[in-house]
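Visitor: Predicted model, plus sequence, below.
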Amino acid sequence: MSDLKRPEKSIEESRTEQVHLLRYEDINGESRLFGGKLVFWIDEVAGAVARRHTGIRVTTASIDNLQFKNPAFLDELVIVVGYITYVGNTSMEVRVDTYAESTNGTRRPINRAYLTVVALGSDDRPCPIPYGITIETESQKYEWDCALKRIELRKMRRQEGF
């Protein structure tokens, strides 16, 4: 979906999921998943989603709405799932949801983040993204519409110096 005339890919084509078994090196002094480790995994998944979508180099420009909703603990699985929500000219938005899964298979959300990722040309400058996205479901349309609102909020925050 885009005003630009370019080929499109489905959102599912670039969807990415990582699974991590929490080990001692992932745990902070409070016996919970270290927040910095989670941010690393979120950024890694968003980059993979964007690279899969564009087929070119990308870099993270911003992370929005990074809220730690629930803790994750040693020996739990952490599942990090990312997908495209919006594609502009040189940047795109990627939603990353993170869940903790206990040994009985119960999942609980621990984080949701939206990242702005920029496509890079050979000169390390922003370049046009070669593909738009095909909106196939009401949920995907809702994410696209909400992304437009988040883009406006980001612009307002930049104007206010944030």
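Guide: Ah, there it is. Residues are numbered from 1 along each chain as shown.

Visitor: For the lengthiest helix in the chain, could you pull out the residues that count as buried?
Guide: What stands out as the longest helix in the chain, according to DSSP state H, is helix 138-159. If you call a residue buried by 16 or more other CB atoms under 10 Å, then helix 138-159 has these buried ones: 140, 143-144, 147, 150, 154. All C-beta spots, glycine's among them, are computed from the backbone N, C-alpha and C.

Visitor: Turn those into CSV, including pLDDT.
Guide: Converted to CSV, these look like this (pLDDT from 0 to 100):
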residue, pLDDT
140, 97
143, 97
144, 97
147, 96
150, 94
154, 90
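
Visitor: Let me know the closest of the residues you listed to residue 81.
Guide: Set against residue 81, the nearest of the buried residues of helix 138-159 by CB to CB is residue 143 (13.4 Å).

Visitor: Helices of the chain, start to end?
Guide: With DSSP H as the criterion, the chain has helices spanning 35-54, 138-159.

Visitor: between the ones you listed, which gets the lowest average pLDDT?
Guide: Lowest mean pLDDT within the helices of the chain: helix 138-159, at a mean of 94.
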